[in-house]
Structures are given as structure tokens and as C-alpha cells.
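Student: here are the coordinates; sequence isn't available:
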Ligand SMILES: NC(=O)C1=CN([C@@H]2O[C@H](COP(=O)(O)OP(=O)(O)OC[C@H]3O[C@@H](n4cnc5c(N)ncnc54)[C@H](O)[C@@H]3O)[C@@H](O)[C@H]2O)C=CC1
Ligand SMILES: O=C([O-])CC(=O)C(=O)O
């Protein structure tokens with residue numbers, strides 16, 4: 001089983017590390033355009049094998065797509081990250097060209113792969129990849145909601161002063177500072193609504209902090225985050241490789257679900273060997289529906305900037 005990660009930068013290397021450590025593939029290929037960079041990251045990761053007890057071979061390449069041939073899953077992280085003060089949407093000018101050419105090269109060599117798109121602005125890059133690849137719609141998955149939901153649960157656990165693993169919560173909508181929708185009404189702690197433990201004001205703060213989760217880290221780090229993005233990317237890869245049939249919010253191509261067509265946006269899906277296998281239609285209330293519509297409108301506006 002082969003998994004390819006395009007982009008050997010912060011997020012790509014983190015995805016590759018988790019994929020190797022979890023032994024999700026026996027071959028993990030990392031591809032970058034920066035001369036020797038992917039080769040260096042691969043060598044460094046291979047030298048962790050005996051320290052972290054994994055047996056996966058990591059292969060680095062500078063732009064040789066033949067090494068990616070026959071991948072079961074490919075993860076696209078190539079492109080520039082934002083700097084403090086920027087939005088993810090501002091990255092479109094540089095990243096659209098990169099994601100388009102990377103997608104074309106990948107599908108030439110791995111026509112049966114499932115694509116996991118991470119590059120930002122993620123929903124629009126997923127839409128671009130879906131349109132460019134010509135793959136079945138279920139084979140293109142944008143990773144954002146899985147990360148945003150992990151941040152939501154972290155913020156909830158802070159507010160409730162509890163183990164984050166006892167908290168359930170989901171973020172749907174676009175992966176943007178103003179477009180993501182933490183579903184506060186449906187969040188729970190030990191099968192009880194999380195809202196029954198904290199004030200409405202505190203819950204609003206949890207949601208607001210979740211929405212600017214990426215921007216907050218970018219302000220602190222000077223570039224965007226990679227540990228949780230890498231872990232979330234690997235979580236999606238694991239669900240596919242291990243055919244887990246597990247629900248995660250991902251950006252997928254909608255054809256009427258949630259009242260939306262011809263758009264990739266975050267909704268809960270069942271992930272398995274074939275990619276996303278089913279969209280789960282949550283019973284949203286009027287406020288949540290209105291937020292989802294506004295989020296979709298913003299993502300659609302961004303998609304309009306693409307040259308397809
Ligand atoms: N969807 C999500 O939840 C998240 C998305 N991101 C996004 O992921 C992307 C990568 O972020 P970082 O890894 O932090 O950036 P980075 O700058 O550390 O790494 C990006 C890598 O892509 C490579 N690259 C550029 N053009 C390429 C091409 N044509 N082919 C192959 N490789 C190419 C660069 O050489 C660089 O090594 C950014 O767009 C960032 O905004 C980051 C975190 C979370
Ligand atoms: O904030 C960013 O630009 C990177 C990203 O998507 C995230 O960490 O959620």
C-alpha cells in the first residue's frame with residue numbers, strides 16, 4: 001500500500017510522519033519541488049523507524065511523479081501558507097496554479113487514488129481538484145472540518161475543564177475564519193448537551209475561538225500550524241486506508257445535499273476505502289441553516305475566481 005504526500009513542508013512532513021508512525025502504508029512517498037527537500041525529510045523520518053517502532057519506508061523525491069505511481073491515497077499540501085494578518089482566501093492566487101498542476105500530475109500516475117486536499121483556501125482547492133482530476137466525486141476529499149472539530153473539542157474541554165476525549169462536537173461549513181460553523185447546540189459531554197454545563201456567553205466564546213483557531217496559531221507561530229493539521233490529515237487517510245466507515249466532517253462535492261449544488265464544503269460524511277461514501281444530513285435548525293447558506297455563498301464567491 002502506497003500513500004503519497006505532495007509538499008514536504010510543515011503540514012506535509014507532519015502528515016507523512018503520522019502516516020508512517022501509524023503504519024498506514026508500507027511506502028510513504030513525499031514529493032516537493034524544492035531540490036533535495038523531500039529527500040531530506042524522508043531520510044530524517046526513516047531514521048525515526050527504530051526510535052518510534054515503525055516499519056514503513058519513506059521515499060522523498062524532487063518532482064518525480066513516477067515514484068508516486070499506484071498510490072491508494074494522495075494528500076495535497078503543496079502551496080503557500082498564510083502569514084499573520086492574512087486570510088486563507090488571499091492564498092488563492094498562488095495556490096490555485098500549484099494545486100491544479102499537482103492534481104493533473106497525480107492522477108496521471110495514480111488514476112485510482114483517493115485525493116485528500118489540504119492546501120488553502122481548502123474548500124476552493126478541493127473544488128478545483130475535483131474539477132481538474134476528473135475522478136468520481138467520492139474520491140476527492142477536503143480536510144478542514146476534522147481539524148476544526150478537534151479545535152472545537154479542545155476549546156470545549158477548556159471551558160468544561162474536562163478530558164477532550166469525553167467531548168463530542170462538530171464544525172461544518174467552509175474552512176474559513178468567518179465561514180466555519182461550530183455546532184454548539186449539538187456538542188455534548190458524556191451524552192449531555194455541553195451547553196448545560198456553561199453559560200451562553202462562554203459557549204459563544206468557545207465558538208468564536210474555534211473559528212479563529214488557525215489565525216490565532218498563525219499569529220503566534222508566524223506561519224500556520226502543522227501538528228494538528230498533520231494529525232487531522234492522517235486521521236482522514238487512516239479512515240480511508242482502514243475502511244473505517246467513520247463519520248468526519250469533510251469538504252465534498254454536493255449535488256443537492258444541504259440544499260447546495262456544484263460546491264465543495266464541509267459536511268459530515270462516512271469515510272471508507274472508496275473515499276467519502278455517504279453524506280449525513282443533520283437536522284439543522286433555522287439559524288444553523290442560515291449560517292450554512294451564508295458560508296456556501298462565501299465559498300462559491302471564492303470558487304468564481306477560479307479559471308476552470
Ligand atoms: N486544510 C487545513 O486544515 C490546513 C491547510 N493548510 C495549508 O496547507 C498548505 C501548506 O502549509 P505548510 O505545510 O505550512 O506550508 P510550507 O511552506 O511549510 O510547505 C509547503 C510546501 O509546498 C511545496 N510546494 C510548492 N509548490 C509545489 C509544487 N508545485 N509541487 C510540490 N510541492 C510544492 C513547497 O516547496 C513547500 O515545501 C498551505 O496552503 C496552508 O495554508 C495548513 C494547515 C491546515
Ligand atoms: O490557518 C491557516 O491558514 C491554516 C489552516 O487552515 C489551519 O490551521 O486551520
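Tutor: Structure's in. What do you need? Bear in mind that the values here come from a model prediction, so they are computed numbers and not experimental data. Ligands and ions are numbered 1, 2, ... in the order given.

Student: Which positions in the stretch 1-150 of the chain make contact with ligand 1?
Tutor: Proximity of the stretch 1-150 of the chain to ligand 1 is confined to 6-12, 31-34, 37, 77-82, 88, 91, 95, 98, 102, 118-120, 122, 143-144, 147 under the rule Cβ under 6 Å from any ligand atom. C-beta coordinates here come from the backbone N, C-alpha and C atoms, glycine included.

Student: The same query, at a cut-off of 5 Å, please.
Tutor: When proximity is defined by Cβ under 5 Å from any ligand atom, the stretch 1-150 of the chain lies next to ligand 1 at 7, 9-11, 32-34, 77-79, 81, 98, 118-120, 122, 144, 147.

Student: So what's the gap between stretch 278-286 and the chain middle?
Tutor: Per Cα atoms, centre = their mean, to the nearest Å, the displacement of stretch 278-286 from the mean C-alpha position of its chain is 20 Å.

Student: Quick check: mean pLDDT of it?
Tutor: Rounded to a whole number, the mean pLDDT of stretch 278-286 is 98.

Student: How about residues contacting it?
Tutor: Contacts of stretch 278-286 from elsewhere in the structure, counted by Cβ atoms under 8 Å, 6 or more residues apart in numbering, are 172, 183, 185-186, 247, 252, 254, 257-258, 267-270, 292.

Student: ditto for stretch 29-48
Tutor: Under the criterion Cβ under 8 Å, 6+ apart, residues 2-9, 12-13, 16-17, 20-21, 28, 54, 57-65, 67-68, 71, 78 lie in contact with stretch 29-48.

Student: again, but for stretch 155-168
Tutor: Defining contact as Cβ under 8 Å, 6+ apart, one finds that stretch 155-168 is touched by 153-154, 169, 187-190, 194, 197-198, 202-203, 205-206, 209-210, 213.

Student: can you tell me the distance between the two ends of that stretch?
Tutor: Start and end residues of stretch 155-168 are separated by 11 Å (Cα to Cα, to the nearest Å).

Student: Report the buried residues of it.
Tutor: Of the residues in stretch 155-168, those buried under the neighbour-count criterion (16 or more other Cβ atoms under 10 Å) are 155, 156, 157, 159, 160, 167, 168.

Student: So which of those residues sit within helices?
Tutor: Within those, membership in helices is found for 155, 156, 157, 159, 160, as judged by DSSP state H.

Student: Most proximal residue of the stretch 201-308 of the chain with respect to ligand 1?
Tutor: Going by Cβ to the nearest ligand atom, ligand 1 is nearest to residue 229 of the stretch 201-308 of the chain, at 3.4 Å.

Student: neighbours around that residue, how many?
Tutor: Counted with other Cβ atoms under 10 Å, residues neighbouring residue 229 total 25.

Student: do the same with residue 142
Tutor: A count of nearby residues for residue 142, using other Cβ under 10 Å, gives 32.

Student: So what sits opposite it in the bridge?
Tutor: With DSSP bridges as the criterion, the beta-bridge partners of residue 142 are residue 117, residue 251.

Student: What score does it have for pLDDT?
Tutor: The model reports residue 142 with a pLDDT of 98.

Student: List the contacts of the residue in the chain that ligand 1 sits nearest to.
Tutor: Checking the chain residue by residue against ligand 1 with Cβ to the nearest ligand atom singles out residue 9 as nearest, at 1.7 Å. With contacts taken as Cβ under 8 Å, 6+ apart, residue 9 has the following neighbours: 32, 77, 78, 81.

Student: Distance to residue 306 added to those residues, as a markdown table?
Tutor: Converted to a markdown table, the contacts of residue 9 look like this (distance: Cβ to Cβ, whole Å):
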| residue | distance to residue 306 |
| --- | --- |
| 32 | 24 |
| 77 | 19 |
| 78 | 17 |
| 81 | 20 |
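
Student: What subset of the residues you listed is buried?
Tutor: Neighbour-count burial within these applies to 32, 77, 78, 81; the criterion is 16+ other Cβ under 10 Å.

Student: Please identify which of these is nearest to ligand 2.
Tutor: Each of these was scored against ligand 2 by Cβ to the nearest ligand atom, and residue 81 proved nearest at 5.9 Å.

Student: Quick check: that closest one vs residue 231, distance?
Tutor: Between residue 81 and residue 231 the computed distance is 17 Å (Cβ to Cβ, to the nearest Å).

Student: quick one on the thing from earlier: now, among the contacts of stretch 278-286, which is nearest to ligand 2?
Tutor: Closest approach to ligand 2 among the contacts of stretch 278-286 (Cβ to the nearest ligand atom): residue 172, at 14.8 Å.

Student: Might one say that the closest one is in contact with residue 260?
Tutor: No - with contacts defined as Cβ atoms under 8 Å, residue 172 does not count as touching residue 260, sitting 11.5 Å away.
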